[in-house]
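Asker: fold the following and give me the result.
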Amino acid sequence: MLAPFGISIVPILIASGLICLGLLIFWERQRSHRGMVSLLRLGVFSRRVYTIGLVIGTLHTMINAGVQFNLFQFIPPVVGLNSFRTALTVMPLTIAQLIVLVLLVKRRPQFPPRSLLQLGLVAKSVGIAMLFAAIGNITSPLSLMPSLVVMGIGTGLFVTYITSLAFSDTVEEEKAEARGVYRPFQNLGASLGRGILGTLLVSLASLRIVDGIIAELGQSVAPEVRRNAIRSLQVAIQTLRRDERRTLFADLPERIQPTLTTIFQTSAIDAMQNTLLIILALCLLCLGLSFLLPKTVKKLEAPIE
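Answerer: This next block holds a predicted model:
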């Protein structure tokens with residue numbers, strides 16, 4: 001943790017590493033353009049369209065993994081479902097994606113692939129907005145299904161065409177290298193989605209819970225005590241079992257016990273909605289970057305996800 005801010009240092013280290021990697025690639029490209037010896041062979045990274053498609057694909061995987069991971073964190077305590085029933089609740093997202101993939105993967109599209117990919121990103125954005133609204137007024141697991149289905153349809157459209165568009169300016173000799181690079185970046189996106197977006201959800205929920213308890217107690221608390229409480233709660237949420245967390249909160253003053261459930265649910269909903277706003281912004285960023293991709297492709301590539 002970073003003591004002055006009460007947040008995990010992991011996202012900052014990841015961001016710093018990505019910035020350094022970007023600076024290294026930029027420096028290597030400058031050396032290559034000047035005819036100087038390059039320390040690394042950039043290969044397909046020298047292809048502008050491929051690099052843009054790789055970034056868009058990685059961001060989309062980050063979004064997808066982050067949404068699913070956060071739903072598995074959010075649904076059990078708020079809706080009261082176990083892990084198996086939570087998996088059944090989230091399953092429509094994957095089923096809708098698979099149906100779209102099966103219907104489209106071997107067919108030559110009647111519309112430009114970029115337009116269909118952008119339609120998928122629009123559908124994904126609409127699904128995220130629907131999920132935001134559903135979480136604010138959640139009554140049962142079924143209330144999440146429409147938003148998950150729309151998100152799954154959008155994901156299926158995106159995954160079907162992103163590989164073809166990203167590989168459109170690579171030559172046949174580079175296909176193996178392009179695929180070899182693309183898959184690890186998707187794994188990176190999945191890790192970032194769970195690490196950054198998952199940490200963000202837990203951090204926001206912990207902050208809201210601590211502030212809600214302090215407000216209910218009606219007492220002033222020193223900033224350092226508040227920060228320590230938030231950090232301790234973050235660790236408890238991520239490491240303790242549900243019964244152990246229940247025991248932990250049972251030690252709080254008796255007069256706030258009746259309001260704890262309301263504080264927990266309100267904090268979790270608020271944290272999830274704020275995280276979804278960031279996820280929506282990332283999805284719209286993908287949509288904006290997609291205009292840099294070509295409209296059509298000569299050959300359809302098999303999806304990589």
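Asker: what secondary structure does Pro109 sit in?
Answerer: coil (DSSP: H, G, I helix; E, B strand; the rest coil).
Asker: which other helices and strands does the helix or strand of the chain with the lowest mean pLDDT contact?
Answerer: Sorting the helices and strands of the chain by mean pLDDT, DSSP states H and E puts helix 10-33 at the bottom, at a mean of 74. Packing partners of helix 10-33 (3 or more CB pairs under 8 Å, 6 or more residues apart in numbering; DSSP states H and E): helix 198-217. C-beta coordinates here come from the backbone N, C-alpha and C atoms, glycine included.
Asker: show me what counts as buried in the helix it packs on.
Answerer: Neighbour-count burial for helix 198-217 flags 198-214, 216 (criterion: 16 or more other CB atoms under 10 Å).
Asker: can you verify Phe264 is assigned to a helix?
Answerer: Yes. Under three-state DSSP, Phe264 sits within a helix.
Asker: can you give me the distance of it to Ile153?
Answerer: Distance, Phe264 to Ile153, by CB to CB, to the nearest Å: 33 Å.
Asker: ditto for Leu144
Answerer: 15 Å.
Asker: again, but for Ile279
Answerer: Using CB to CB, one gets 17 Å for the distance from Ile279 to Ile153.
Asker: neighbour count winner among those two?
Answerer: Ile279 (24 against 21; other CB atoms under 10 Å).
Asker: what about the nearest residue to that one once chain neighbours are set aside, how many neighbours?
Answerer: Excluding its sequence neighbours, the residue lying closest to Ile279 (CB to CB, 6 or more residues apart in numbering) is Ile63, at 5.5 Å. Number of residues near Ile63 (other CB under 10 Å) recorded here: 28.
Asker: would you mind giving the secondary structure of Ile63?
Answerer: Assignment for Ile63 (three-state DSSP): helix.
Asker: got a pLDDT number for Ser8?
Answerer: Looking at Ser8, its pLDDT is 58.
Asker: and the least confident helix or strand of the chain with helix 198-217, angle?
Answerer: 150 degrees (axes from the mean of the first three to the mean of the last three CA atoms, to 10 degrees).
Asker: so Ile196 sits against Ala65, correct?
Answerer: No. Using CB atoms under 8 Å, Ile196 makes no contact with Ala65, being 10.1 Å away.
Asker: which residue is the nearest non-sequential neighbour of Pro141?
Answerer: Pro141 sits nearest to Thr89 (CB to CB, 6+ apart), 4.1 Å away.
Asker: wait, isn't the one you found in contact with Phe74?
Answerer: No. Judged on CB under 8 Å, Thr89 makes no contact with Phe74 at a distance of 10.5 Å.
Asker: let me know the average pLDDT across the helix or strand containing Leu282.
Answerer: Leu282 belongs to helix 260-289 when assigned by DSSP states H and E. Mean pLDDT, computed over helix 260-289, is 93.
Asker: which strands and helices sit next to it?
Answerer: So helix 260-289, by 3+ CB pairs under 8 Å, 6+ apart, packs with helix 48-79, helix 113-136, helix 198-217.
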